[in-house]
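# Fold the following, please.
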Amino acid sequence: MRLSPVVRCPERVGRKAEEAGLVKAIRTVIAGAGGRMGHLLVRAVLDDSRFVLAGALEAAGHASLGTDAGILVGSEAAGIDLTHDAPAVLNSADAVIDFTTPAVSVALAAAAASGRVVHVIGTTGFSADDEARIHDAARHTVIVKSGNMSLGIALLAALVKRAAKALPDFDIEILEMHHRMKVDAPSGTALILGRAAADVRSGGLREKKIGTATDSPTGRRKDGAIGFASVRGGTVVGEHHVILAGPQERVVLTHIAEDRTIFVRGALAAAEWGQTHPAGLYEMADVLGIAE
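Alright, predicted model coming up:
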């Protein structure tokens, strides 16, 4: 859905932006600033001249509340303390980047819509009702939502879609590996890739999905099924292989994540992209300009 444009008129400019000669910097709030991804995002915003940190959010009762965000991530004091008062910090923001929980993301979507703040969502695990509420919020502001903010994964999903359409009779298997602490399988990224393939073939992903490596034997492969295999071990950030297997040949499309900063890079790109686009619900393919 693409709706009426949102106009941005930021007034404050960060020190690094001024030094770089920029007229404006994107005033950015980081939700979940006390977590692992939050730390990476805060540090990235502080180090990037395109952005200025406008707020750092955490849940009520979190141990980091009241701590300066810069000090928390090992940088110089930023003059921004962690708070749970989302309306207050969003009131002076242009963007909020959110890798939190479904309940928090839904609440932030409504707040961002009220203030016409660009909302970048990297959270996963939404219910159908959550999705509907986010969709409604996107009528009033830009929301960029993806289970994987990597620019490379966005490109891979587009390639998978084209390959699945071009090779309709090839079997598709998605193999993914992650660190030993990951609890869900298949990964959210594997499902993104599976949906990309299913979108251009008859039927939905639910009808096409077959067992993961930890399931019981799946029996003889059914025509048109999309298979998933999940491997866990070590400290692997993320590795995904989409295998298209046909008679006497295979096509393998691969993405390897070497560091979690790729998700930060994608989130910042989405926040910047959203400043110049109309309200609506978008995905990373839109940010790359490759959405169909």
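# wait, what's in contact with the residue in the chain sticking out farthest from the centre?
Farthest-out residue of the chain from its mean C-alpha position, per CA atoms, centre = their mean: residue 248, at 36.7 Å. With contacts defined as CB atoms under 8 Å, 6 or more residues apart in numbering, residue 248 has no neighbours. Backbone N, C-alpha and C define where each C-beta goes, glycine included.
# Which parts of the stretch 1-150 of the chain are strands?
If DSSP state E, counting those that start in this stretch is used as the criterion, the strands of the stretch 1-150 of the chain fall at 2-5, 26-31, 51-57, 82-83, 95-98, 118-121, 142-145.
# So for residue 42, which of these sits nearest?
strand 26-31 (5.2 Å; CB to CB).
# Who are the packing partners of the closest one?
With contacts taken as 3 or more CB pairs under 8 Å, 6 or more residues apart in numbering; DSSP states H and E, strand 26-31 sits against helix 36-47, strand 51-57, helix 86-90, strand 95-98, helix 102-115, helix 261-274.
# give me that answer again for 10 Å
helix 36-47, strand 51-57, helix 86-90, strand 95-98, helix 102-115, strand 118-121, helix 261-274 (3 or more CB pairs under 10 Å, 6 or more residues apart in numbering; DSSP states H and E).
# and that strand, C-alpha only, in CSV?
Extracted as CSV, the C-alpha positions of strand 26-31 are listed here (Å, rounded to 0.1, in the frame of the first residue of the first chain):
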residue,chain,number,x,y,z
ILE,A,26,17.8,12.3,10.6
ARG,A,27,16.8,12.5,14.2
THR,A,28,16.6,8.8,15.1
VAL,A,29,15.3,6.9,18.1
ILE,A,30,16.5,3.4,18.9
ALA,A,31,14.0,1.1,20.6
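# Run me through the strand neighbours of that strand, direction for each.
Paired with strand 26-31 in the same sheet, following DSSP bridges, are strand 51-57 (parallel), strand 95-98 (parallel).
# how about the helices and strands packed on strand 26-31 in a markdown table, adding distance to residue 178 and mean pLDDT?
Conversion of the helices and strands packed on strand 26-31 to a markdown table gives the following (distance: least, CB to CB, whole Å; pLDDT from 0 to 100):
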| stretch | distance to residue 178 | mean pLDDT |
| --- | --- | --- |
| helix 36-47 | 15 | 96 |
| strand 51-57 | 27 | 97 |
| helix 86-90 | 31 | 95 |
| strand 95-98 | 22 | 98 |
| helix 102-115 | 20 | 97 |
| strand 118-121 | 21 | 98 |
| helix 261-274 | 13 | 97 |
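# Would you tell me which one of the strands paired with strand 26-31 is buried the most?
Mean neighbours per residue, mean count of other CB atoms under 10 Å, is largest over these for strand 95-98, with a mean of 30.
# how far out from the middle of the chain is that strand?
Offset of strand 95-98 from its chain centre (CA atoms, centre = their mean, to the nearest Å): 11 Å.
# for stretch 133-149, same thing?
11 Å.
# could I get the strands of the stretch 1-150 of the chain as a markdown table with distance to residue 201?
Formatted as a markdown table, the strands of the stretch 1-150 of the chain follow (distance: least, CB to CB, whole Å):
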| stretch | distance to residue 201 |
| --- | --- |
| strand 2-5 | 26 |
| strand 26-31 | 36 |
| strand 51-57 | 40 |
| strand 82-83 | 46 |
| strand 95-98 | 32 |
| strand 118-121 | 27 |
| strand 142-145 | 24 |
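# Give me the phi and psi for the spatially closest residue to residue 197 that is not a sequence neighbour.
Spatial nearest neighbour of residue 197, chain neighbours left out: residue 164 (4.0 Å); criterion: CB to CB, 6 or more residues apart in numbering. Residue 164 adopts backbone torsions of phi -60, psi -30, taken as degrees, to the nearest 10.
# from memory residue 95 sits against residue 28, does it?
Yes. Between residue 95 and residue 28 there is a contact under CB atoms under 10 Å: 4.8 Å.
# any idea of the pLDDT on the residue farthest from the centre of the chain?
At residue 248, the model reports a pLDDT of 97.
# same thing with residue 145?
97.
# from here on, count from 37
All right, first residue 37 from here; so that's residue 181.
# Please name the nearest non-neighbouring residue to it.
residue 157 (4.2 Å).
# The one you found - how many residues pack around it?
28 (other CB atoms under 10 Å).
# Same check on the one 5 residues further on?
The burial count assigned to residue 162 is 19, neighbours taken as other CB under 10 Å.
# what separates the residue nearest to it when sequence neighbours are not counted from residue 167, distance-wise?
Once flanking residues are discounted, residue 162 sits nearest to residue 138: 4.9 Å by CB to CB, 6+ apart. Using CB to CB, to the nearest Å, residue 138 is found at 9 Å from residue 167.
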